[in-house]
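Participant: pasting the structure only:
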Ligand code: NDP
């Protein structure tokens, strides 16, 4: 982007928990974000975020109704608002449509989750990486995965590669939510996307290939107890997560990459029952003469993730344990962030999962908008200099620490 052309204009698409946090955070940085629009399917949700921001920071936010699956409608809205960047915080189903609209209008694109086709519970970067040449030719950039995981965890790996290691051999990403929200069963982000993710067969990277293990609710799922800083000992389950796909390409010398997430026995029991009775199905079924998709019906019954914040207490602890070499020595380092649900709620009206995603989404947008990160084409976040992003994390509510640690068990 030509600096002279940068008007500090951001269009946020989506009005859920993550978009709420990102909008608050953009409003807190008026020097970078001079003009903010929130556009989503339900206008009243955009207006509610706008009015909260007006009362907290005295800033006006523009709002609009848009169907982000309709490229022509999106492009028309972009032509009228003329944003410098679009921050996609709708659902992964919309990624390609929003990228198409960005291509049509010449606007930079940022998201936090890779594309997933609605009729197949499968996510991978190939669909978005396929836009590489078109984005390059148009002279615009797409920054993929600027949430926490993917997002901050990728930046932690890039930072470790730049400053702490000569070579990283083993990467373990550990995601712990030690908070309680008071509901018997709820998901911390969009229930449909969340349940599709956690019911999948698990994969991790080892010695140049993907190894499959059973889903977290299946017989033989892989888990271990890990003693998290602040949160204590929690059962952590091996899970496939999208950042593994780009990190094994971009972090040199990786021999093993795994992702772990904490789940309570209560959560897993509910999920098992829902799966067993067919409530997590993503195909259409007949219900009293109507076609319905069970997982969409389930989403309608579960609490809105954005509403969980009111009673949420406890912390999230998310970070990377990395083992490799430095100056001929084997070393292991742990980089992590601790975030508090109640603090997040006080500041933005949402819980820490949305907070830890919305803050890096704003920072990624700021890196692109201010030209600190520049490029033409499609990039994963670890491909840029991690230093300005790491610095911004500390000053915008997600401070991090680096400690020495013992290597985690496993082959390699
Ligand atoms: P929500 O379901 O709370 O919000 C999604 C928003 O997108 C809703 O406001 C919804 O509208 C809107 N939307 C959906 N479809 C359309 C459409 N066709 N046109 C316009 N708007 C649409 O989700 P979250 O805020 O929890 O999550 C947002 C994104 O963040 C997801 O992609 C999720 O995968 C990602 N995420 C990433 C994480 C990371 O660390 N990288 C962690 C957590 C989430 P309506 O209000 O009408 O339903």
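Facilitator: Structure's in. What do you need? Since this is a predicted model, take the numbers as computed values, not measurements.
Participant: Can you give me the neighbour number for the closest residue to the ligand within the stretch 51-200 of the chain?
Facilitator: Nearest residue of the stretch 51-200 of the chain to the ligand: residue 147, at 2.3 Å (Cβ to the nearest ligand atom). For every residue, glycine as well, the C-beta is placed using N, CA and C. Residues contacting residue 147 under the criterion other Cβ atoms under 10 Å number 27.
Participant: Please report phi then psi for the nearest residue to it once chain neighbours are set aside.
Facilitator: Spatial nearest neighbour of residue 147, chain neighbours left out: residue 112 (3.3 Å); criterion: Cβ to Cβ, 6 or more residues apart in numbering. With angles defined as degrees, to the nearest 10, residue 112 sits at phi -130, psi 0.
Participant: okay, residue 112: pLDDT?
Facilitator: Residue 112 is assigned a predicted lDDT (pLDDT) of 98.
Participant: Could you do residue 196 as well?
Facilitator: Looking at residue 196, the pLDDT reads 87.
Participant: from memory it sits against residue 295, does it?
Facilitator: Yes. Under the criterion of Cβ atoms under 8 Å, residue 196 makes contact with residue 295 at 7.2 Å.
Participant: re the thing from before, got a list of what the residue of the stretch 51-200 of the chain closest to the ligand touches?
Facilitator: Contacts here follow Cβ atoms under 8 Å, 6 or more residues apart in numbering; on that basis residue 147 touches 18, 112-113, 356-357, 360-361.
Participant: Let's verify residue 391: helix, strand, or coil?
Facilitator: Three-state call for residue 391 (DSSP: H, G, I helix; E, B strand; the rest coil): helix.
Participant: scratch that, residue 366 is what I was asking about
Facilitator: From three-state DSSP, the assignment for residue 366 is helix.
Participant: Check the burial of it by counting its neighbours.
Facilitator: Neighbours of residue 366 (other Cβ under 10 Å): 25.
Participant: cool, residue 345 as well?
Facilitator: 20.
Participant: Isn't residue 143 up against residue 377?
Facilitator: No. Checked against Cβ under 8 Å, the pair residue 143 and residue 377 is beyond contact range at 10.4 Å.
Participant: the more surrounded of these two?
Facilitator: Using other Cβ under 10 Å as the criterion, residue 143 and residue 377 rank with residue 143 on top: 26 against 18.
Participant: That one sits in which helix or strand?
Facilitator: strand 141-144 (DSSP states H and E).
Participant: Report the beta-bridge partner residues of the residue nearest the centre of the chain.
Facilitator: Per Cα atoms, centre = their mean, the C-alpha nearest to the average position across the chain is that of residue 147, at 3.5 Å. Taking DSSP bridges as the rule, residue 147 bridges to residue 151.
Participant: For it, give its distance to residue 279.
Facilitator: 27 Å (Cβ to Cβ, to the nearest Å).
Participant: ok, now residue 189?
Facilitator: 18 Å.
Participant: Between these two, which has more neighbouring residues?
Facilitator: When residue 189 and residue 279 are compared for neighbours, residue 189 comes out ahead with 22 against 15, by other Cβ under 10 Å.
Participant: distance of that one from residue 147?
Facilitator: Residue 189 is 9 Å from residue 147, where distance means Cβ to Cβ.
Participant: Quick one: residues contacting the residue of the stretch 251-400 of the chain found nearest the ligand.
Facilitator: Taking Cβ to the nearest ligand atom, the ligand has its nearest neighbour within the stretch 251-400 of the chain at residue 357, 4.0 Å off. Residues in contact with residue 357 (Cβ under 8 Å, 6+ apart) are 18, 21, 112, 147-148, 151, 189.
Participant: Which residue is the nearest non-sequential neighbour of residue 182?
Facilitator: residue 311 (4.2 Å).
Participant: Let me see the contact set for residue 37.
Facilitator: Neighbours of residue 37 in contact, by Cβ under 8 Å, 6+ apart: 9-12, 61-64, 81, 83.
Participant: How about the residues of the protein by the ligand?
Facilitator: Selection of the chain residues close to the ligand by Cβ under 6 Å from any ligand atom yields 14-19, 40-42, 45, 66-69, 89-92, 94, 112-113, 147-151, 189-190, 193, 305-306, 353, 357.
Participant: Buried only: go through the residues you listed for me.
Facilitator: 14-19, 40-41, 45, 66, 68-69, 89-92, 94, 112-113, 147-151, 189-190, 193, 305-306, 353, 357 (16 or more other Cβ atoms under 10 Å).
Participant: before we move on, the earlier item: which other helices and strands contact the strand holding residue 143?
Facilitator: In terms of contacts (3 or more Cβ pairs under 8 Å, 6 or more residues apart in numbering; DSSP states H and E), strand 141-144 is packed against strand 108-111, helix 352-369, strand 377-380.
Participant: can you give me the mean pLDDT across the last one?
Facilitator: Same thing as strand 377-380. Mean predicted lDDT for strand 377-380 stands at 98.
Participant: Strand partners (parallel or antiparallel) of it?
Facilitator: Strand pairing for strand 377-380, using DSSP bridges, gives strand 141-144 (parallel).
Participant: what's the helix or strand following the strand it pairs with in contact with?
Facilitator: The helix or strand immediately downstream of strand 141-144 is helix 152-159, counting by DSSP H and E. By Cβ under 8 Å, 6+ apart, the residues outside helix 152-159 that reach it are 145, 168, 171, 173, 243, 246-247, 250-251, 318-320, 322, 335, 337, 356, 360, 380-384, 386-387, 389-390, 393, 398, 400.
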